[in-house]
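K.L.:
Provide a 3D model corresponding to the input given below.
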Amino acid sequence: MTLSLQVLYPVSEGSTFDFDYYTNTHFGIVGEHMGPHVADMVITKGLAGGPDVPAGYHAVATITFADQSKLDAALAAAGPALEDIPNFTNVQPQMLIGEVIS
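P.N.:
Coordinates of the predicted model:
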């Protein structure tokens, strides 16, 4: 069963997000530590929440894993990636682990 880990960075008053650091540095840290366990990764930069509605999220990272053991191994190796979060945002990210159904 394919599983996904989504990391959502919500927009709030006073929130900041450094996309340059996120793409040029944080991605490398994630790849180094979690990458061997990852099947695929898609990063979405929030642009809008609908017509004429500001984005509710700075970014959403969707990472997929072949099975539970790969997800578990990635989470066990995620320490450096989690410790890096304050280097690009002051947002407390939300996480969603789910089963990929389509």
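
K.L.:
Only C-alpha atoms from now on, for both contacts and neighbour counts.
P.N.:
Will do.

K.L.:
For the chain, which segments are assigned as helices?
P.N.:
19-21, 27-33, 68-76, 79-84 (DSSP state H).

K.L.:
and Gln94, which of those helices is closest to it?
P.N.:
helix 79-84 (12.0 Å; Cα to Cα).

K.L.:
can you pull the pLDDT of Leu71?
P.N.:
Here, the pLDDT recorded for Leu71 equals 98.

K.L.:
does it really touch Ala39, like I thought?
P.N.:
No: the pair Leu71 / Ala39 is not scored as a contact, 9.8 Å apart, by Cα atoms under 8 Å.

K.L.:
residues shared between the contacts of the two?
P.N.:
Phe65 (Cα atoms under 8 Å, 6 or more residues apart in numbering).

K.L.:
more crowded one of the two?
P.N.:
Neighbours of Leu71 and Ala39, each counted by other Cα atoms under 10 Å, are more numerous for Leu71; the result is 23 against 16.

K.L.:
which ones are touching the nearest residue to the more buried one once chain neighbours are set aside?
P.N.:
Nearest non-adjacent residue to Leu71, counting by Cα to Cα, 6 or more residues apart in numbering: Phe65, 5.7 Å away. Residues near Phe65 by Cα under 8 Å, 6+ apart: Thr2, Leu3, Ser4, His37, Val38, Ala39, Asp40, Leu71.

K.L.:
check contacts around the last one.
P.N.:
The contact partners of Leu71, by Cα under 8 Å, 6+ apart, come to Leu3, His37, Val38, Phe65.

K.L.:
Equivalent analysis for the first one, please.
P.N.:
With contacts taken as Cα under 8 Å, 6+ apart, Thr2 has the following neighbours: Thr64, Phe65, Ala66, Asp67, Gln68, Glu99, Val100.

K.L.:
Between all of those, which two are separated the most?
P.N.:
The widest separation within those (Cα to Cα) is 11.9 Å, between Gln68 and Val100.

K.L.:
Which neighbours do the two have in common?
P.N.:
Met1, Thr2, Leu3.
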